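Following is a predicted model, sequence given first.
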Amino acid sequence: MRRVNSLSLGEQQALLEAKYPEALAASNAKRAQQKAEDKAQATQFPPLPHATKGKVVLRLPPEPSGYMTIGHAMAGVINSAYRDMYQGELWLRFEDTNPRKVRKDYYDSFRDGYRWVGIRWDHEKNVSSDMEVLYFHARRLVEMGEAYACACPADLVKKLRAEGKPCEHRTHPVEANLKVWEGMLARRYKEGEWVIRLKGDMQGLDASLRDPNILRVIQAAHPVVGTKYVVWPVYDFEVVVEDKLCEVTHILRSSEFHVSLQERIRELLRFPPVVVEQFSRFNFKGTPVSKRLLRPLVEEKVVSGWDDPRMPTIEGVKRRGILPEAIRQFTLQVGYGKTEHTFDWTLLFAVNRKILDPISLRVYFVPDPVQLRVKGGPQKDLSLQFHPTFEGLGRRAVSVPEGPRLLVPGADVDAMRPGEVFRLMDLYNVRLTKKGDSSQAEFVGDERLPDVRKVQWVLDDSEKRDVSVLEPAELFLEDETPNPHSLRVRKGCAEAAFSNLAVGDIVQFPRYGFVRVDAPGRCVLAHP
RNA sequence: GCCCCGGUGGUGUAGUCCGGUCAAGCAUGCUACCCUCUCGAGGUAGCGACCUGGGUUCAAAUCCCGGCCGGGGCACCA
C-alpha cells in the first residue's frame, strides 16, 4: 500500500487499469472511449484511387531542417490511415538533400514525433544514402540529351527563364556535358560554377518547366554522410527517383507542389506513374507553421523555445497536454482537401477534452487565491472522489479543522456581495460576511442548496501547494502581428493531493480547466 | 505578371464526379433549459452557410462562362 501511495496518481491509475481491468469495465471511461472509437470509425477517409489491398506503398517525406509540427503529424496520420486501410506499406524517408539545411537532431524530432502520434512505418531511409543511384539516373538524363551542364550565373538563368530564352549551354553536345558532369563529381568545380539542368520547355507557360536546375554543387558537411558528396540533387529530381526506388504507389502530400515537372522527369526516366493526391496545409489560428515566423520568436525569446506550449511543434502541443489520440481523431474528423483552412484550436480542444474527461483526476486548484476564514465551520474528515462519476480513480482524505482558514478564488469573492450564501464544494454552505484582504464567512449548513454559487477551495495550511499555471494563447493576432498577451501566468494554490502528481500527468482543475503538470509546482493549461 | 488549385454558417467538414430525395447533414462555437456538489462531461432545444454575375435546364450548392477573393508554383529550398 505504501508502495502504491508512493506512485504518482497517474501511475496509480495506469496500474489499476492494467491489473484490475474488471474494476473499470463498467466505467464511463470505457464507454466514452468506445463512443469515441465509433465516431472515429464513422469518419473514414474516402477510398484511394487505383488502390488495391496489399499493394499500396506510401511515404512520409520530412525534410529534417526543423522540428516536427502538428501539421506533419496530421499528414502522417492520413498516410498511416491509408496504410492501414489497404494493408500497405509506409516509408519514412528523410529528404535530406540540402546539407546546409539539414541537422542531426531534426531527424530524431520526426522519428520521435511520428512514434508519439502512434504512426508505425515499415521502412526508413535517408535520401542521402542513395546518392550513387541518384547520380546514375542523372547521368542517364545527360546521356539521353535530356539534361545539360550549364555555367550561367544564377541571375542570368533567372532572367533567361523569365524571357523564355535558352542559354548557350543548352545545345552543347552530350560528350561535353558528360565531361562537366564527371568534373562536378570529381570536385573540380566550386559551388555555382556548373549545374545540371533538365531540358524542359523554355517557352512553356508553366515556368517551372523552363529548364530547371536538377543538380548542383554544395560544399558543406552533411550531418549524416559528411563530406562524401559535393553534388546534390534538387528536390523535384530526387523525389522522382526515390519514389521509384521505394516503389511508392500513392503520394499524399500536404503542401502544394507543382507536379508537372516531377511527372516530366518520371516519364523521361521511364518510371511507372504514381497517384498523387495533394491537400492543403493544416493551419491553426494564430499559430503559423512557417519557420520564417517562428524562428524569430525563439531567437528573441518571445517563447521559451521550440517546445513552448504555444508553439505548433510536436513538443509544444505535447507539453500543452494534447493527446496523440486527439490528433489522430481530429485528423480523421476534419479529413483533407484542397480548400485552405485555418482550424480553430477549440476544434482540437473539444476532441482532446472528450478523451481526457473520463480519465482525468479532479484536483482542487484556486487561481488568484484570497483568504477566507469560516466562523463556526465544524470539523470535517472528508473522503473525496478523484472523479465525480468514476470511483475507480480513487479518493483522497482531507481533514478540515473547525473554523478553518481557506483559500478561495479571488474572482469569486469579487463577484459576490456580503451576505451572499455559497457552497464550498464537497464541504458545506457559508455566508460571506466580510470582503477584503482576509475575507470572512460564517457556516450556515451542510445540506445542498439549489442555485447557489459553488466554489472550490484549498486549506490554507502547510500542505497546500503553490502552483503557477501557464495559460497559452495564440502567438499571432490577425495578419502577422505578434500577440503581446500570448502567455499569462496564473498564480494559485492547489490542494495537498497535487503533490502526488508527476510531471506529464494531466488532470482537471474543476472550474478552471484541464492542465498538464509541466514541472514541480508548474502546470500548463491545455484548455477549459 | 504568367501558370495551377480552391471558395458551403464564427470555425471545420458532408454533399459537387453521376443536377431533383439539400428550403442543405454533422462537429465545434454561442444561447436557453435539463442533469451534475465543476465554468468539465452527458442530454434537449435554438442561432447560424451554398463568394458573385450571367448562361444551360422543368429543376443548379451541384454543369458552363466571366468577375471577385484566397492559397500554391514560377529557387543552384524542400
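Looks like it came in fine.

show me where the stretch 101-250 of chain A has helices.
Using DSSP state H, counting those that start in this stretch, the helices of the stretch 101-250 of chain A run over A:104-116, A:131-143, A:154-163, A:174-185, A:235-245.

okay, which residue is most central for chain A?
Centroid-nearest residue in chain A, with C-alpha atoms, centre = their mean: A:Ile70, separated by 2.7 Å.

Surely that residue and A:Arg281 touch.
No. No contact is recorded between A:Ile70 and A:Arg281 when judged using C-beta atoms under 8 Å, the distance being 11.1 Å. Quick note: C-beta positions are derived from backbone N, CA and C, even for glycine.

neighbours of A:Ala411, just the number please.
The burial metric for A:Ala411, expressed as a neighbour count using other C-beta atoms under 10 Å, is 12.

Give the helix, strand or coil label for it.
Of the three states, A:Ala411 takes helix according to DSSP: H, G, I helix; E, B strand; the rest coil.

which residues does the nearest residue to it once chain neighbours are set aside contact?
Nearest-residue entry for A:Ala411: A:Asp368, 6.4 Å, with adjacent residues in sequence omitted and distances by C-beta to C-beta, 6 or more residues apart in numbering. For A:Asp368, the contacting residues are A:409-411, A:490-492, taking C-beta atoms under 8 Å, 6 or more residues apart in numbering as the criterion.

what do you get if the cut-off is 7 Å, keeping everything else the same?
Listed by C-beta atoms under 7 Å, 6 or more residues apart in numbering, the contact partners of A:Asp368 are A:409-411, A:491-492.

Same check on A:Leu90?
Contact partners of A:Leu90, counting by C-beta under 7 Å, 6+ apart, are A:58-60, A:79-80, A:83, A:121-122.

can we see that at 10 Å?
With C-beta atoms under 10 Å, 6 or more residues apart in numbering as the criterion, the residues that contact A:Leu90 are A:56-60, A:76, A:79-80, A:82-84, A:114, A:119-124, A:246, A:248.

Buried ones among those?
Among the contacts of A:Leu90, those classed as buried by neighbour count (16 or more other C-beta atoms under 10 Å) are A:56-60, A:76, A:79-80, A:82-83, A:114, A:119, A:121, A:246, A:248.

so which of these are also by RNA strand B?
Filtering the buried ones among the contacts of A:Leu90 for proximity to RNA strand B by C-beta under 7 Å from any atom of the strand leaves nothing.

just to revisit the earlier point, out of the contacts of A:Leu90, list just those in strands.
Restricting those to those inside strands, with DSSP state E as the criterion, leaves A:57-60, A:123-124.

Now tabulate those in TSV and tack on pLDDT and distance to A:Leu156.
Putting these into TSV (pLDDT from 0 to 100; distance: C-beta to C-beta, whole Å) gives the following:
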residue	pLDDT	distance to A:Leu156
A:Val57	98	41
A:Leu58	97	40
A:Arg59	97	36
A:Leu60	97	38
A:His123	98	42
A:Glu124	98	41
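
What residues sit buried inside the host helix or strand of A:Leu406?
Taking DSSP states H and E as the criterion, the element that holds A:Leu406 is strand A:405-409. Residues of strand A:405-409 classed as buried under the neighbour-count rule (16+ other C-beta under 10 Å) are A:406-409.

Tell me which two of those residues sit farthest apart.
Distances among the buried residues of strand A:405-409 were taken as C-beta to C-beta; the most separated pair is A:Leu406 and A:Pro409, at 10.9 Å.

residues shared between the contacts of the two?
Residues touching both A:Leu406 and A:Pro409 comprise A:366, A:369-370, A:372, A:455-458, with contact defined as C-beta under 10 Å, 6+ apart.

now for the residues you listed, which pair is the farthest apart?
Spatially, the most separated pair among those is A:Val370 and A:Gln456, at 13.0 Å (C-beta to C-beta).

any shared contact partners between these two?
Contact criterion C-beta under 10 Å, 6+ apart; residues bridging A:Val370 and A:Gln456 by contacting each: A:406-409, A:412.

on that earlier part again, of the buried ones among the contacts of A:Leu90, closest to A:Leu332?
A:Ser80 (10.6 Å).

returning to that earlier point: please work out which of the helices of the stretch 101-250 of chain A is packed deepest.
Comparing the helices of the stretch 101-250 of chain A by mean neighbour count (mean count of other C-beta atoms under 10 Å), helix A:235-245 ranks first with a mean of 22.

right, and the helix or strand after that helix?
Sequence-wise, the next helix or strand downstream of helix A:235-245 (DSSP H and E) is strand A:250-253.

name the helices or strands packed onto that following strand?
The contact analysis (3 or more C-beta pairs under 10 Å, 6 or more residues apart in numbering; DSSP states H and E) places strand A:250-253 against strand A:57-60, helix A:70-85, helix A:235-245, strand A:275-278.

Could you pull up the residues touching the closest residue to A:Ala147 other than its chain neighbours?
Nearest in space to A:Ala147, with sequence neighbours left out and distances taken as C-beta to C-beta, 6+ apart, is A:Leu141 at 3.9 Å. Contacts were defined as C-beta under 10 Å, 6+ apart; by that measure A:Leu141 touches A:147-148, A:177, A:181, A:196-199, A:214-215, A:237, A:265, A:268-269.

and A:Tyr336, which of the helices and strands packed on strand A:250-253 is closest to it?
The closest of the helices and strands packed on strand A:250-253 to A:Tyr336 is helix A:70-85. By C-beta to C-beta, the value is 5.7 Å.

how far does the closest one sit from the chain's center?
Between the mean C-alpha location of helix A:70-85 and the chain-wide mean there is a distance of 13 Å, by C-alpha atoms, centre = their mean, to the nearest Å.

Against which helices or strands is that helix packed?
strand A:57-60, strand A:89-94, helix A:104-116, strand A:250-253, strand A:283-284, helix A:314-320, helix A:324-334.

any chance of the ones you listed in CSV, with distance to A:Lys380 too?
Listed next are the helices and strands packed on helix A:70-85 as CSV, based on distance: least, C-beta to C-beta, whole Å:
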stretch, distance to A:Lys380
strand A:57-60, 56
strand A:89-94, 57
helix A:104-116, 43
strand A:250-253, 59
strand A:283-284, 46
helix A:314-320, 36
helix A:324-334, 38
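
Mind checking these for the one nearest to A:His137?
When the helices and strands packed on helix A:70-85 are compared (using C-beta to C-beta), the closest one is strand A:89-94, at 16.5 Å.
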